[in-house]
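Visitor: Predicted structure and sequence below. I'll ask about it afterward.
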Amino acid sequence: MFTKVCNLCLISLLLVGCAYREGQRYDVNNPIVRKFSWFSYLDGNDIRESCAAGSADRIRLVYNGQYDAQLRSYDIFVDKHGGAVMNVRAMNNTGNLVNWSTNNIFGPWTWTQSQVTLTSAEVAEFRALLRQSGYGGPAPQGLKLHSQDFYWIAAGCEGGVFHYYAWNNRPQSMARQGFAGIKFQDFLLKRDKTGVTFRPPHVTSPAERASFRRTGGGRAPTGAFELTVRENGLGGLLNAF
């Protein structure tokens, strides 16, 4: 019993210590740190904590193109004039050793990044596309997000109010339409200058999730996990790595 209690305490300490915060010296750009702070990043923990009356608007979109195949993220920081800077990250999570060097041993597992400036008109257009996609309304509570699925999450602070939403291409009772309702994807990809080709979604089967389908290079996924959308973020972390 004592051992179990100690293990629970250790897990709790690790989760607290692994909360993602924008601007920290070592963040999700580092593949080792990413493994421990990724869930906090998906949850929008840093945005939620800093969201208050008078705080600047910001929105984060993340695409999971099967965790061990492709990840993409779009962090949008709105300025006082209504324009914004959008930081884009994308990676094919295959560990291609062609990108390895002694100066950057984590090269095969790091992001390709780009940055673009959005006009106030573009920000307004994007906000409208997000709202048309369901963002700003009640989150689809109970939606399951498996690491081998294709899904989008959105976390943002607008007018001092935190919002959270998610879309899974695998239809479920609380989101039967899958990706059909998404209106913002083309907007983001059109302005994505990373050069990483978008990995299109397909509906994953129970057998595919159970067997953790191998990627094109024949490499078995490094881990599997499932998250559950709650009212204001994520929960239900199962089998994390």
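Guide: It's in. Residues are numbered from 1 along each chain as shown.
Visitor: drop to CA atoms for contacts and neighbour counts, all remaining ones
Guide: Will do.
Visitor: mind listing what the residue most central in space within the chain touches?
Guide: Nearest to the mean C-alpha position of the chain, by CA atoms, centre = their mean, lies Val62 at 3.3 Å. Val62 makes contacts with 42, 71-74, 152-154, as judged by CA atoms under 8 Å, 6 or more residues apart in numbering.
Visitor: Student question: in this structure, what's the helix or strand with minimum average pLDDT?
Guide: Sorted by mean pLDDT, DSSP states H and E, the helices and strands of the chain end with helix 2-17, the least confident at a mean of 38.
Visitor: what's the next secondary structure element after the helix or strand hosting Ala207?
Guide: Using DSSP states H and E, Ala207 falls within helix 206-211. Sequence-wise, the next helix or strand downstream of helix 206-211 (DSSP H and E) is strand 226-230.
Visitor: which residues of this protein fall in helices?
Guide: Applying DSSP state H to the chain gives helices spanning 2-17, 31-43, 45-50, 120-132, 185-190, 206-211.
Visitor: what is the mean pLDDT for the second one?
Guide: Yep, that's helix 31-43 we're talking about. Here helix 31-43 scores 71 as its mean pLDDT.
Visitor: next one: the fifth one
Guide: Computed over helix 185-190, the mean pLDDT rounds to 98.
Visitor: I would like the residues contacting it, please.
Guide: With CA under 8 Å, 6+ apart, helix 185-190 has contacts from 74, 126, 198.
Visitor: neighbour-wise, which of the residues you listed leads?
Guide: In terms of neighbours by other CA atoms under 10 Å, those top out with Tyr74 at 22 neighbours.
Visitor: Nearest to Arg89, out of the contacts of helix 185-190: which one, please.
Guide: Within these, proximity to Arg89 (CA to CA) peaks at Tyr74, which comes in at 6.6 Å.
Visitor: Now do the contacts for the closest one.
Guide: Going by CA under 8 Å, 6+ apart, Tyr74 touches 60-62, 86-89, 188.
Visitor: want to try JSON lines for the residues you listed, with distance to Thr112 as columns?
Guide: Below are the contacts of Tyr74 laid out as JSON lines (distance: CA to CA, whole Å):
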{"residue": "Arg60", "distance to Thr112": "17"}
{"residue": "Leu61", "distance to Thr112": "16"}
{"residue": "Val62", "distance to Thr112": "14"}
{"residue": "Met86", "distance to Thr112": "14"}
{"residue": "Asn87", "distance to Thr112": "11"}
{"residue": "Val88", "distance to Thr112": "8"}
{"residue": "Arg89", "distance to Thr112": "6"}
{"residue": "Leu188", "distance to Thr112": "15"}
